[in-house]
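Participant: need the 3D shape of this:
(one chain, ligands or ions: 1)
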Amino acid sequence: MNDSKCVRKGFVADHIKSLPKSGIRRFFDLVNTMDDVISLGVGEPDFVTPWTIRETGIFSLEKGHTSYTSNLGTPALRREVCRYVRDNYHVSYRPEDECIITIGVSEALDIAMRALLDPGDEVLYTEPCFVSYPAEVRMAHGIPVPIETKVEDAFALDPAVLRRKITPRTKVLLLNFPCNPTGAVMPLESLKEVAAIAMEHDLVVITDEIYSELLYEGEHVSIASLPGMRDRTLFLHGFSKAFAMTGWRVGYACGPREIIDAMMKVHQYAIMCASTMAQEAALEALRNGEKEMLRMRESYCERRNLMVDGLNRIGLDCLLPKGAFYTFPSVKSTGLSSTEFAEQLLKAEKVAVVPGVAFGACGEGFVRCCYATSASDLIEAIDRMGRFVQSLKH
Ligand code: PMP
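Facilitator: Sure thing, here's the model as predicted:
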């Protein structure tokens, strides 16, 4: 008998086999088979990257800048990132060893989890949330632990609920305000309480700041800037949303040297470096992109107001989200689940929204509508949704 023979259950690792595919993708594969759909689905700017940024990318190629950069990213971009973070978020990092340029916030999240987690470590995050969070944790052999946020709290994290979720295995708290999918922000007093809890329980905080420029009321405060937090916080940010650069795939992480150094190891072996052309374009975004960013923000703000008014008018209760470019109306009054609502709306009126349950169990009863689409399409989408809601009453 040959002892080396074993019976495989298949080639794929168990923890990947059990990972569900993104609910958003599944839904949008269906949308892509239909004509004339107004999509409020995919979360990305409807603007093309501002011209000077595109031009810088073109010049980069023209000049023949086609080699690898340093693993951490170009020194010029790291310097500019640290300047930008200091000026806008009031926290200082050293470009030499406290900043790494990544393939979007997506890669930054992945290498952060792989650098921080031992098998069985628990990661807390608010739900409803960006679909990648629990998956990123599981792929790093951690245990995702959602903390429910509620419409009554405007989807902010309640520090008392956070406290109840902490166990001896809790290592990381992952925050995302303004939030995808709710647009929620954190009141400063609650953020301070969250910081105090993180210090008391020796947690690492990861703050995903990807929507932080897209804030329509008040001032954004990063938890990294609160007293005592810098040395236990990893600040993740990128260019996709504020500078309309989703396809360029560039982001960054700033944090304590020990963590950046560990992330650098994973990045160096898995990725090598972010695209040279994209890094040069990103540098231009930080140096000269503010005016265009503000113009896009103003346009999102107008469309947010239009969308929230419209949704409330047709009977779908909707808070006024303070940031990002999503509304998260309740569909409970229709008696349909969020998936039934989205599927039936798509079939009846050709409007695509994302079922709230795709962002975690507590998103049930809501749908996400991205308003980064033209005002005329938004008006038409609301008319169609109104007709659909009325039709359910007959
Ligand atoms: N974090 C959040 C909350 C997001 O919504 C997204 C993209 N939808 C990402 C991270 C990933 O962004 P990037 O394009 O920088 O990888």
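Participant: who's in contact with the closest residue to Y89 other than its chain neighbours?
Facilitator: Spatially, and ignoring its direct neighbours in sequence, Y89 is nearest to S222 (4.5 Å; Cβ to Cβ, 6 or more residues apart in numbering). (Glycine included, C-beta is placed from N, CA and C.) S222 makes contact with Y89, H90, V91, T207, E209, S212, F235, according to Cβ atoms under 8 Å, 6 or more residues apart in numbering.
Participant: out of those residues, which sit inside strands?
Facilitator: Of these, the ones assigned to strands by DSSP state E are T207, F235.
Participant: how long is stretch 365-373 end to end?
Facilitator: Using Cα to Cα, to the nearest Å, the end-to-end distance of stretch 365-373 comes out at 24 Å.
Participant: any residue of that stretch touching the ligand?
Facilitator: No: Stretch 365-373 does not reach the ligand (Cβ under 6 Å from any ligand atom); its nearest approach is 9.8 Å.
Participant: show me what that stretch is in contact with.
Facilitator: Stretch 365-373 has contacts (Cβ under 8 Å, 6+ apart) with 38-46, 128, 151, 181, 300, 303-304, 306-307, 311, 325-332, 337-338, 341-342, 353-356, 358-359, 378, 381.
Participant: out of the residues you listed, who's near the ligand?
Facilitator: Answer for the contacts of stretch 365-373 near the ligand (Cβ under 6 Å from any ligand atom): G43.
Participant: which among the contacts of stretch 365-373 end up buried?
Facilitator: Among the contacts of stretch 365-373, the ones that count as buried by 16 or more other Cβ atoms under 10 Å are 38-43, 45-46, 128, 151, 181, 300, 303-304, 307, 311, 325-332, 337-338, 341-342, 353-356, 358-359, 378, 381.
Participant: quick check on the residue nearest to Y89: phi, psi?
Facilitator: phi -90, psi 140 (degrees, to the nearest 10).
Participant: and the chain, which residues reach the ligand?
Facilitator: 43, 104-106, 130, 176, 180, 208, 210, 238, 240, 246, 251.
Participant: how much space between the residue nearest to Y89 and M385?
Facilitator: 35 Å (Cβ to Cβ, to the nearest Å).
Participant: again, but for H90
Facilitator: Relative to M385, and taking Cβ to Cβ, H90 is found at 41 Å.
Participant: name the residue in the two with the higher neighbour count.
Facilitator: M385 (27 against 12; other Cβ atoms under 10 Å).
Participant: list the contacts of that one.
Facilitator: Contacts of M385 by Cβ under 8 Å, 6+ apart are L311, I314, L316, L345, E349, V351.
Participant: any idea how far the ligand is from it?
Facilitator: Remark: distance between M385 and the ligand (Cβ to the nearest ligand atom, to the nearest Å) = 23 Å.
Participant: residues in contact with the residue of the stretch 101-250 of the chain found nearest the ligand?
Facilitator: When distances are taken as Cβ to the nearest ligand atom, the stretch 101-250 of the chain reaches nearest to the ligand at G104, 2.5 Å away. G104 makes contact with G238, S240, R249, V250, G251 under the criterion Cβ under 8 Å, 6+ apart.
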